[in-house]
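Colleague: Sequence and predicted structure below; questions after.
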Amino acid sequence: MMTSMDFLLFIKGPMFSIAVAIFALGILVRLFEILALGRAHNYAAARGNEIIPGLKTIYRRFNPDPGTFKRSTFDVLVGTLWHVGFVVVLLLFIPHIELIQSTIGIGWPGLPNPVVDAVTAITLLGLVAVLIHRFRQPVKRFLSTREDYLIWLVTFLPVLTGYLAYHRLINPYPLALGLHILSAEVFLIVLPFTKLSHIFTAFVARYYNGAIFGRKGIQS
């Protein structure tokens, strides 16, 4: 029978290698699909520069003009809150940084554990609020697909299990840590094959749209 320590060793060893391999392969396939689509040569004379409008479009889409792209205050505040919180927890928690450094050889300073712990709690509340809001809004509920709920779940679980493991709320601890790492591995595996891939493709798509409009001499 597998013990909690056996489970942890399997998750940290073979399963981690499998998850990283699937993640890397999936991202490569996504990028290949984008490049394989090609870009038809535009024989019309350029009326403007492509680079600056492309970069401006990336900025505008992340900081939309309220007069042209209306979102509710809830979407702006809570959406920004949990996105920023997720990134902070992922990239500025010292054990995560040490794992990244041991994997790719690159590290950076982290935040104190109590700060990351507070951000984790806020991120969890933000994600729960987003789900409740989706259920309570008829239009959003109608437009939501199974993939949307899957994405929410695989995003929520690593944060939740990490919080539970940090506070030793699941015993034994190797089981808690193993569940946290497993949830993160599921996130990596799912990411390239769902809308989560926008983490990598959003910048490319937004730059491309802005560059096309910039060449035509109009604003994206």
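Modeller: Yes, it's here.

Colleague: residue contacts, the most centrally placed residue in the chain?
Modeller: Nearest to the geometric centre of the chain sits residue 199, at 5.4 Å (C-alpha atoms, centre = their mean). Applying C-beta atoms under 8 Å, 6 or more residues apart in numbering, we find residue 199 in contact with residue 191. Every C-beta, even on glycine, is put in place using the N, C-alpha and C of the backbone.

Colleague: Residue 103 belongs to a helix?
Modeller: Yes - counting by DSSP: H, G, I helix; E, B strand; the rest coil, residue 103 falls inside a helix.

Colleague: Tell me how many other residues crowd it.
Modeller: 10 (other C-beta atoms under 10 Å).

Colleague: List the contacts of it.
Modeller: Applying C-beta under 8 Å, 6+ apart, the residues near residue 103 are residue 20.

Colleague: Also residue 122?
Modeller: Residue 122 neighbours (C-beta under 8 Å, 6+ apart): 81, 82, 85.

Colleague: those helices in this structure, which residues are they?
Modeller: Residue ranges of the helices in the chain, as given by DSSP state H, are 4-10, 16-37, 51-62, 73-92, 94-104, 113-136, 138-143, 146-166, 173-190, 198-216.

Colleague: For the nearest residue to residue 94 once chain neighbours are set aside, what are phi and psi?
Modeller: Nearest residue to residue 94 in three dimensions, chain neighbours excluded: residue 110, at 4.0 Å (C-beta to C-beta, 6 or more residues apart in numbering). Dihedral pair for residue 110: phi -110, psi 180, per degrees, to the nearest 10.

Colleague: returning to what we had before: JSON lines for the contacts of residue 122, including pLDDT, neighbour count and distance to residue 139?
Modeller: Formatted as JSON lines, those follow (pLDDT from 0 to 100; neighbours: other C-beta atoms under 10 Å; distance: C-beta to C-beta, whole Å):
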{"residue": "81", "pLDDT": "91", "neighbour count": "18", "distance to residue 139": "22"}
{"residue": "82", "pLDDT": "92", "neighbour count": "22", "distance to residue 139": "21"}
{"residue": "85", "pLDDT": "95", "neighbour count": "22", "distance to residue 139": "26"}
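
Colleague: With distance to residue 28 as new columns, can those residues be given to me in CSV?
Modeller: Formatted as CSV, the contacts of residue 122 follow (distance: C-beta to C-beta, whole Å):
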residue, distance to residue 28
81, 32
82, 28
85, 29
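
Colleague: of all those, which comes closest to residue 100?
Modeller: Ranked by distance to residue 100 (C-beta to C-beta), the contacts of residue 122 are led by residue 85 at 18.2 Å.

Colleague: mind listing what that closest one touches?
Modeller: Here residue 85 is in contact with 119, 120, 122, 123, 126 (criterion: C-beta under 8 Å, 6+ apart).

Colleague: Look up how far residue 181 lies from it.
Modeller: Relative to residue 181, residue 85 is positioned 20 Å away (C-beta to C-beta, to the nearest Å).

Colleague: how close does residue 26 get to residue 83?
Modeller: Per C-beta to C-beta, residue 26 is found 21 Å from residue 83.

Colleague: These two - which one has more neighbours?
Modeller: residue 26 (18 against 13).

Colleague: Quick check: the gap between the more buried one and residue 192.
Modeller: Residue 26 is 3 Å from residue 192, by C-beta to C-beta.

Colleague: what's the answer for residue 125, then?
Modeller: As defined by C-beta to C-beta, residue 125 lies at a distance of 28 Å from residue 192.
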